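In: Fold the stuff below for me.
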Amino acid sequence: MNAHAPIHTNEMQLRIDLAAALRLSARNDWHEGVANHFSAAVSPDGRTFLVNPRWKHFSMATASELLLVDADDPETMNRPDAPDPSAWSIHSAIHRNLPHARVALHLHPPYATTLATLKDPAIYPIDQVTARFFRRIAYDLSFGGIATEEAEGERIAASIGNHSAVMMGNHGVTTVAPTVAEAFDAMYHLERAARQLVLAYQTGQPLNIMSDELAEATAREWDVYKDAEHAHFAEMKRILDREDPSYAE
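Out: Residues are numbered from 1 along each chain as shown. Coordinates of the predicted model:
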């Protein structure tokens, strides 16, 4: 992208928040080696975005090292500091095609990924956390290998549609939201929901699935907790600030 292009006024805060989310994901053991990737749009049209640098461990992420890239720049992968190929494939497609996805977090957390390996990866409403995702999560069951090709990213973006999360069969999960706080909170609860289901399956007992009416009513109740999503992330950043504030450097 043009080195002299104007920087959106909230870029520094986005950098700090995205670095915090990367650090927190490592603490929660949601990451996988030096893979997985987060992004946040900085331009009004969403096509200029931040993404974590290639093959850097989440636990050492800092705000200043995040890459600024342009979803429409075909030379991005020829840069000396090019992002991970799968990060470019997935996140450039999301930021080109989904205006509501200002932030996108892609991970392979243990419970959600376990659920994604099942023939039926659906998140059934068996408690209030799983009910949060009732009819509010997309399913992409057309895994085509590690997402290094443009077509794979385009398909993943198309599968998300208007949803805020996608269960990626044989792969992992992605959450999208207007802010880092909301995307992080969605990922946190998505992994918790998957854990509830995996543990319930392990009992060998039938699931006690809510009625559609109760599940929908419960999902709607989550909408009034939007402020709590931001408070959750703010509290987690306070922990980082107390224990290791270097993420904001």
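
In: packing partners for the lowest-mean-pLDDT helix or strand in the chain?
Out: Sorted by mean pLDDT, DSSP states H and E, the helices and strands of the chain end with helix 150-160, the least confident at a mean of 90. Applying 3 or more CB pairs under 8 Å, 6 or more residues apart in numbering; DSSP states H and E, we find helix 150-160 packed against helix 85-97, strand 138-140, strand 165-168, strand 172-177. Backbone N, C-alpha and C define where each C-beta goes, glycine included.

In: Tell me where the chain is predicted with low confidence.
Out: For the chain, residues meeting the criterion pLDDT under 70 lie at 1-9, 147-148.

In: Point to the residue nearest the middle of it.
Out: Residue closest to the average C-alpha location in the chain (CA atoms, centre = their mean): L105, at 1.9 Å.

In: Distance check, the residue of the chain most remote from its centre against V129.
Out: Seen from the C-alpha centroid of the chain, the residue lying at the greatest distance (CA atoms, centre = their mean) is Q205, 31.3 Å away. The spacing between Q205 and V129, counted by CB to CB, to the nearest Å, is 19 Å.

In: again, but for E11
Out: Distance of E11 to V129, given as CB to CB: 33 Å.

In: Neighbour count for those two, which is higher?
Out: Under the criterion of other CB atoms under 10 Å, the comparison of E11 against V129 puts V129 first, with 21 against 18.

In: residue contacts, that one?
Out: Contact partners of V129, counting by CB atoms under 8 Å, 6 or more residues apart in numbering, are 189, 192-193, 196.

In: Of these, which belong to helices?
Out: Counted as lying in helices by DSSP state H, out of the contacts of V129, are 189, 192-193, 196.

In: List the buried residues of stretch 51-70.
Out: Buried residues in stretch 51-70, counted by 16 or more other CB atoms under 10 Å: 51-54, 58, 61-63, 66-70.

In: before we move on, what about stretch 229-247?
Out: Residues of stretch 229-247 classed as buried by neighbour count (16+ other CB under 10 Å): 229-230, 232-233, 236-237, 240, 247.
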